[in-house]
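Peer 1: Give me the fold of what follows.
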Amino acid sequence: MSTQPSKDLETFPNPNPERDFLIQMRIPEFTCLCPKTGQPDFATIHLDYIADQTCVELKSLKLYMWSFRDEGAFHEAVTNRILDDLVAATSPRYMRVTAEFYVRGGIYTNVVAEHRAEDWTPAPPAPVPPAVTGVGQ
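Peer 2: Numbering: from 1, shown residues only. Predicted structure coming up:
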């Protein structure tokens, strides 16, 4: 096999660094091992971020996620490690990693970890008029 898992995260220049725009990714095939039993844990990882100068390259992100397949990790630890590694690689204005782990012993686990750049303040949301339904008009 020519493609192997890797912890190397590649980036590319943000095409619009003057604007805050949200990048959302859904990674439904994340796996790692339970550090207690060695059994596989499965999760969907949601990545939401506002880039500053760089964005994460998708193939390197896929290989990075694959690199956890044979590692033992508690849900909380692996979620925070993913956030730390992505922040170190991209220096985003904002980033949130949400890990939705599948049921294990009758318990679902969701872990959410966030990062905000110290000098970044989000713009207030744009006012949105109420939806026009056409009912009663």
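
Peer 1: Give me the neighbour count for the closest residue in space to I27 that isn't next to it in sequence.
Peer 2: Spatial nearest neighbour of I27, excluding adjacent residues (Cβ to Cβ, 6 or more residues apart in numbering): I45 at 4.2 Å. In this view, the C-beta of every residue, glycine as well, is placed from N, C-alpha and C. If you count neighbours by other Cβ atoms under 10 Å, I45 ends up with 22.

Peer 1: so I45, which of the three states?
Peer 2: strand (DSSP: H, G, I helix; E, B strand; the rest coil).

Peer 1: and if you look at L86?
Peer 2: Going by three-state DSSP: L86 is helix.

Peer 1: Next, find the distance separating it from P122.
Peer 2: With the distance defined as Cβ to Cβ, to the nearest Å, L86 ends up 19 Å from P122.

Peer 1: quick one: which of the two has more around it?
Peer 2: L86 (21 against 10).

Peer 1: For the most centrally placed residue in the chain, give its distance to L58.
Peer 2: What sits nearest the mean C-alpha location of the chain, by Cα atoms, centre = their mean, is L47, with 2.3 Å. Using Cβ to Cβ, L47 is found at 11 Å from L58.
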